[in-house]
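Colleague: Build me a structure from this.
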Amino acid sequence: MLRVGLTGSIGMGKSTTAEMFRAEGIAVLDSDQIVHELYKGPAATEIDRAFPGVVIDGAVDRQRLAARVLNDPAALEHLEKIVHPMVWAARDALVEERRSKGDRIVVFDIPLLFETGAEKDFDAVVVVTAPEDVQKTRVLAREGMTGEKFASILSKQTPDSVKRARADFVLHTDKGLDAAREEVRTILKALKARLET
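Modeller: Below is the predicted model:
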């Protein structure tokens, strides 16, 4: 089985690309979704202990938690030490489930793949990219987003140029959906060829 990491900075089109892999019949494990599930139960007690007041009705309130850790590197690191092992355990369980179903390629949608050093866990890494001006336009169109918030998020992410240099495959999302779909198919063809060798 090939484990493929899919990543990209904010506003690059990673979520749309993940849907394209799904449309090609590939299982995509979404790290953000796993975190959402953990915040509704398994991680809530530990996070509440570390950051009192961020859990409401047994679930982590993401906005309250973000307000506590966004500009505090030590708090963010503490949160990651709580959450990342739980995410990895959930991810491994999902991989085994897909393996038992006969899947030979599984894509992991991981926003902070390079930032967490997770690239070593994958057989291939796909980086989704777009020009800086396209990225900025997309992100600033999001509800509640400000230039300051965007800059803060970017400052915590590995630069796009570094991600592209470290990728096995680079997928461009600024040329339209059809072009991106073709790039997804080309990447899958290359991955399937690896399985045959």
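
Colleague: can I assume Leu113 is in contact with Arg3?
Modeller: No - if you go by Cβ atoms under 8 Å, Leu113 and Arg3 don't touch, sitting 11.6 Å apart. For glycine as for every other residue, the C-beta is placed from the backbone atoms N, C-alpha and C.

Colleague: Tell me which of those two has more neighbours.
Modeller: It is Leu113, of Leu113 and Arg3, that has more neighbours when counted by other Cβ atoms under 10 Å, with 25 against 16.

Colleague: Report pLDDT for that one.
Modeller: Each residue has a pLDDT score; the one for Leu113 is 91.

Colleague: His84 now?
Modeller: 86.

Colleague: Give me the three-state assignment for it.
Modeller: Going by DSSP: H, G, I helix; E, B strand; the rest coil, the secondary structure assigned to His84 is helix.

Colleague: separation between Phe169 and Ala180?
Modeller: 12 Å (Cβ to Cβ, to the nearest Å).

Colleague: Show me what counts as buried in stretch 184-197.
Modeller: Val184, Ile187, Leu188, Leu191 (16 or more other Cβ atoms under 10 Å).

Colleague: Put the alpha carbons of stretch 29-40 into CSV.
Modeller: Extracted in CSV, the C-alpha atoms of stretch 29-40 (Å, rounded to 0.1, in the frame of the first residue of the first chain):
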residue,chain,number,x,y,z
LEU,A,29,-8.2,10.4,5.3
ASP,A,30,-8.8,13.9,6.4
SER,A,31,-6.7,15.0,9.4
ASP,A,32,-8.9,18.0,10.2
GLN,A,33,-12.0,15.6,10.3
ILE,A,34,-10.1,13.3,12.7
VAL,A,35,-9.3,16.3,14.9
HIS,A,36,-13.0,17.4,14.8
GLU,A,37,-14.0,13.9,16.0
LEU,A,38,-11.4,13.9,18.7
TYR,A,39,-12.5,17.4,19.9
LYS,A,40,-16.0,16.1,20.4
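
Colleague: Return the distance of that stretch from the chain's centre.
Modeller: 11 Å (Cα atoms, centre = their mean, to the nearest Å).

Colleague: where do the helices sit along the chain?
Modeller: Remark: helices assigned in the chain by DSSP state H are 14-23, 31-39, 44-50, 62-69, 73-100, 132-140, 147-155, 160-166, 177-196.
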